[in-house]
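**Q** quick one, what's the 3D model for this:
(one chain, ligands or ions: 1)
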Amino acid sequence: MEAADVVAEELLCVEAELQDVQGQIQALLDRQVKLCERQSELKALLEECEASQDAVHDNRTTSTDDWSSNFEWDSRAEDVGFNVFGITSYRANQREIINAVMSGRDVLVIMAAGGGKSLCYQLPALLRDGVSLVVSPLLSLIQDQVLGLTTLGVSAYMLTSTTSKENEKLIYNALDKGEMELKLLYVTPEKISKSKRFMSKLEKCHRAGRLSLIAIDEAHCCSQWGHDFRPDYKNLGILKIQFANVPLIALTATATCRVQVDLMDMLHIPKCVKFVSTVNRPNLFYRVREKSSVGKVVIDEIADFIRGTYSKNDSGIVYCFSRKECEQVCGAFPFMLLMLHPLPNVCA
Ligand SMILES: Nc1ncnc2c1ncn2[C@@H]1O[C@H](COP(=O)(O)OP(=O)(O)OP(=O)(O)O)[C@@H](O)[C@H]1O
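**A** Now for the predicted structure:
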């Protein structure tokens with residue numbers, strides 16, 4: 001063999017080995033990326049677990065028992081509860097929350113959707129003298145609340161882009177001079193952060209001793225760790241700074257321990273009384289099932305599941321990823337056409 005052949009042969013071997021080593025390096029680099037990702041996940045998880053242990057401890061120190069004894073407003077609260085809101089008994093934690101608010105404390109409420117959070121600030125708003133300010137993120141939620149309260153005969157207004165000039169004047173006069181009775185005023189967070197005029201009227205209302213309560217609904221929107229962060233909620237910390245002596249109640253259905261800590265910090269309510277009710281709804285559960293890659297099989301399985309689990313008169317909803325899929329699934333279930341009719345606004 002010639003010298004050149006020997007060298008060429010070794011070169012081939014070296015190149016092959018180099019390729020092999022590069023493959024190993026790439027595999028190690030991929031593994032490193034995966035490990036780093038898992039490392040951050042585990043760190044976040046650990047933080048959450050530690051915060052959760054702290055929360056359990058906090059709950060012990062601010063026991064709800066402290067707020068379930070007798071208070072001077074008990075009979076008035078019962079009267080308003082029954083005659084205005086039509087309730088005959090309180091749901092879990094409602095009475096304790098109302099008592100804490102009535103005692104002038106800042107309060108953080110974590111309560112499942114539909115658990116009855118609104119009553120926790122609406123009832124104190126009627127018991128206390130003056131105006132209660134309610135911050136809520138969505139116009140539709142605000143409209144719904146104001147309509148509901150007005151129907152009950154409560155003097156509730158909203159100050160939003162949809163408010164008529166006439167009502168706006170009435171509201172400003174009520175804040176400014178206490179001219180008409182105004183018990184609950186709903187605004188979006190944008191009003192607090194963007195309207196100097198509104199803030200100056202609110203300031204006047206407070207100086208005259210007529211600002212009785214501040215309620216922040218859907219308070220998880222304050223936190224960037226939450227699932228629905230809204231930048232304007234970040235500015236709501238101003239409320240506690242400007243109106244330090246006015247009790248503030250923050251309410252949400254969904255806040256991890258990290259979000260709770262964050263929003264207490266952002267709203268400047270470090271010493272608030274915290275009420276955490278279980279968000280577990282035993283009637284709701286998830287089940288994960290393996291899905292076939294064959295469309296027809298999936299449809300058959302859904303049909304079998306529905307037939308086997310529910311009676312003829314039951315109703316339910318089948319969610320799909322897209323309008324097209326809704327139509328396909330709907331078409332495959334002629335016996336349940338009504339149930340599976342695609343919703344016009346369902347989007348992918
Ligand atoms: N103590 C009570 N007795 C009977 N009904 C109640 C009581 N408290 C609240 N409700 C009713 O329960 C329903 C849900 O209450 P509410 O809207 O305040 O829940 P929520 O916790 O604010 O829910 P979401 O998180 O979806 O906004 C309402 O119809 C309300 O009138």
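
**Q** could you use CA atoms for every contact and neighbour count after this?
**A** OK.

**Q** what's the average pLDDT for stretch 95-105?
**A** For stretch 95-105, the mean pLDDT works out to 97.

**Q** which positions in the stretch 201-348 of the chain make contact with the ligand?
**A** Ala253 (C-alpha under 6 Å from any ligand atom).

**Q** now the strands for the stretch 51-200 of the chain?
**A** Listed in chain order, the strands found in the stretch 51-200 of the chain under DSSP state E, counting those that start in this stretch are 107-110, 131-135, 156-159, 184-187.

**Q** list the contacts of the residue lying closest to Cys222 once chain neighbours are set aside.
**A** Excluding the flanking residues, the one nearest Cys222 by C-alpha to C-alpha, 6 or more residues apart in numbering is Tyr233, at 4.8 Å. Residues near Tyr233 by C-alpha atoms under 8 Å, 6 or more residues apart in numbering: 189-190, 219, 221-222.

**Q** go through these and single out the one with the most neighbours.
**A** Most neighbours among these, by other C-alpha atoms under 10 Å: Ala219, with 32 neighbours.

**Q** that residue and Ile249 touch, don't they?
**A** No: counting by C-alpha atoms under 8 Å, Ala219 does not reach Ile249; the two are 9.3 Å apart.

**Q** quick check: closest non-adjacent residue to Met102.
**A** For Met102, the spatially nearest residue (C-alpha to C-alpha, 6+ apart) is Pro124, at 6.3 Å.

**Q** residue of the stretch 201-348 of the chain closest to the ligand, please.
**A** In the stretch 201-348 of the chain, the residue that lies nearest the ligand is Ala253 (5.5 Å; C-alpha to the nearest ligand atom).

**Q** ok, that residue - how many residues close by?
**A** Ala253, neighbours per other C-alpha under 10 Å, totals 21.

**Q** stretch 95-103 close to the ligand?
**A** No: shown here: stretch 95-103 not in contact with the ligand (C-alpha under 6 Å from any ligand atom), separated by at least 8.8 Å.

**Q** do stretch 112-126 as well
**A** Yes: residues of stretch 112-126 contacting the ligand under C-alpha under 6 Å from any ligand atom: 112-119.

**Q** how far does that stretch sit from its chain's centre?
**A** 15 Å (C-alpha atoms, centre = their mean, to the nearest Å).

**Q** buried set for that stretch?
**A** Within stretch 112-126, the residues scored as buried using 16 or more other C-alpha atoms under 10 Å are 112, 115, 117, 119-126.

**Q** okay, and which of those residues map to helices?
**A** Judged by DSSP state H, the buried residues of stretch 112-126 include 117, 119-126 as members of helices.

**Q** can I get the residues you listed in CSV including pLDDT?
**A** Shown next, in CSV, are these (pLDDT from 0 to 100):
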residue, pLDDT
Lys117, 96
Leu119, 98
Cys120, 98
Tyr121, 98
Gln122, 98
Leu123, 98
Pro124, 98
Ala125, 98
Leu126, 98
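
**Q** just these now: which is nearest Arg207?
**A** Of all these, Ala125 has the smallest distance to Arg207: 18.2 Å, by C-alpha to C-alpha.

**Q** and the gap between the closest one and Val107?
**A** As for Ala125, its distance to Val107 is 14 Å (criterion: C-alpha to C-alpha, to the nearest Å).

**Q** Ser132 now?
**A** Taken as C-alpha to C-alpha, the span from Ser132 to Val107 is 15 Å.

**Q** more neighbours: those two, which one.
**A** The neighbour comparison of Ser132 against Val107 (other C-alpha under 10 Å) goes to Ser132, with 27 against 24.

**Q** what sits against that one?
**A** Taking C-alpha under 8 Å, 6+ apart, one finds 125, 183-185, 211-215 in contact with Ser132.
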